[in-house]
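Colleague: pasted the sequence and its predicted model underneath.
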Amino acid sequence: QLQLVESGGGLVQPGGSLRLSCAVSGLTLPGYYAIGWFRQAPGKEREGVSCISNSGGSANYADSVKGRFTISRDNAKNTVYLQMNSLKPEDTAIYYCVTIEAGCPRRTDLWEPDFWGQGTQVTVSS
């Protein structure tokens, strides 16, 4: 049974950093799946943040996080990470780890998640 378990969220000041982790079970990476991160802020729709291919050879990002966030995967640990630097209050959201069997093209609105984790809260505030 596939499970995605996120961790690493919390409260951080603007300009700070956090690293989110997504532990994957029930599926041996790299597998056939790209892995991505989505987020949902209060009162807003969920949006794609970052996605990494099953090989780890390519990654794409939302324009709002380019240059600040970095996605990576450690297939030996069956874990995907999202390093978030220079955090802004507008990054406040619940962050979800997802599988994307169809892959992750450059346009984030074309990402089609198949399976979702339970989410982890990130709050950026002074």
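Modeller: Happy to help now that I have it.
Colleague: only C-alpha atoms from now on, for both contacts and neighbour counts.
Modeller: OK.
Colleague: who touches stretch 3-20?
Modeller: For stretch 3-20, contacts defined as CA atoms under 8 Å, 6 or more residues apart in numbering pick out 21-26, 81-89, 96-98, 116-126.
Colleague: confirm for me that residue 47 is in contact with residue 61.
Modeller: No. Assessed by CA atoms under 8 Å, residue 47 is found out of contact with residue 61, at 10.9 Å.
Colleague: what do those two both touch?
Modeller: By CA under 8 Å, 6+ apart, the residues touching both residue 47 and residue 61 are residue 108.
Colleague: more neighbours: which of those two?
Modeller: residue 61 (24 against 17; other CA atoms under 10 Å).
Colleague: buried residues, stretch 83-100. List them.
Modeller: By neighbour count, with 16 or more other CA atoms under 10 Å as the criterion, the buried positions of stretch 83-100 are 84-85, 87-88, 91-100.
Colleague: ok, now how distant is the residue nearest the centre of the chain from residue 126?
Modeller: For the chain, the residue lying nearest the average C-alpha position, counting by CA atoms, centre = their mean, turns out to be residue 37 (2.2 Å). Applying CA to CA, to the nearest Å, the value for residue 37 to residue 126 is 25 Å.
Colleague: again with residue 7
Modeller: With CA to CA as the criterion, residue 7 and residue 126 are 22 Å apart.
Colleague: which one's more surrounded, these two?
Modeller: Neighbour comparison, residue 7 and residue 126: the larger count goes to residue 7, with 18 against 9 (by other CA under 10 Å).
Colleague: the more buried one and residue 56: what is the separation?
Modeller: Residue 7 sits 21 Å away from residue 56, going by CA to CA.
Colleague: where along the chain do the helices fall?
Modeller: Taking DSSP state H, the chain contains no helices at all.
Colleague: among the contacts of stretch 3-20, which are located in strands?
Modeller: Taking DSSP state E as the definition of strands, the contacts of stretch 3-20 contribute 21-25, 81-84, 96-98, 116, 120-124.
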